[in-house]
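Asker: structure for the following, please:
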Amino acid sequence: MAFEGILLGMGNPLLDISAVVDEEFLSKYDVKLNNAILAEDKHLPMYDEMASKSNVEYIAGGATQNSIKVAQWMLQIPGATSYIGCIGKDKFGEEMKKNSKQAGLNVHYLEDESTPTGTCAVCVVGGERYFSCLANSEILLQILF
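Answerer: As a prediction, this is how the structure comes out:
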């Protein structure tokens, strides 16, 4: 029996950019621990700064993609799950593709040159976390229309 592609998810992918930072970093970007916000213009440089850290970790996410990753892990059948979404044609999009494939997903992303990949900064200080998401809900609509 063929199990390839038996489960398909479509959603708005977000790339988590996770790194241990210090209190000075949080102050610089006016963010507080145990908080989650949508990024403003003042937060935009934070993503590149976090990406340049030696301890950075990338995690392909977003609600639907996370669900598909769990299903793939549970099934343990190569290629059983597929995911479609839209990412930017940028360095974070490349990280998204690499991370998703490592998780065993069969991914098909529409790559948009004019819109950046949705990202979520995960700042970790002493085990506490702060989330700042830069999500573009319009990017998914490009798939649908």
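Asker: okay, CA-based contacts and neighbour counts for the rest of this
Answerer: OK.
Asker: pLDDT averaged over stretch 81-88 - what is it?
Answerer: The average pLDDT within stretch 81-88 is 94.
Asker: typo on my end, stretch 36-49
Answerer: Averaged over stretch 36-49, pLDDT sits at 85.
Asker: may I see the buried residues of it?
Answerer: Across stretch 36-49, burial judged by 16 or more other Cα atoms under 10 Å covers 36, 39, 43, 46-47.
Asker: in helices only, show me those residues.
Answerer: 46-47 (DSSP state H).
Asker: can you give me the strands for the protein?
Answerer: Using DSSP state E, the strands of the chain run over 7-10, 14-20, 36-38, 57-61, 81-88, 106-112, 119-125, 128-134.
Asker: what residues does the fifth one touch?
Answerer: Surrounding strand 81-88, the residues in contact under the criterion Cα atoms under 8 Å, 6 or more residues apart in numbering are 4-13, 65, 68, 71-72, 93, 105-118, 139-140, 142-143.
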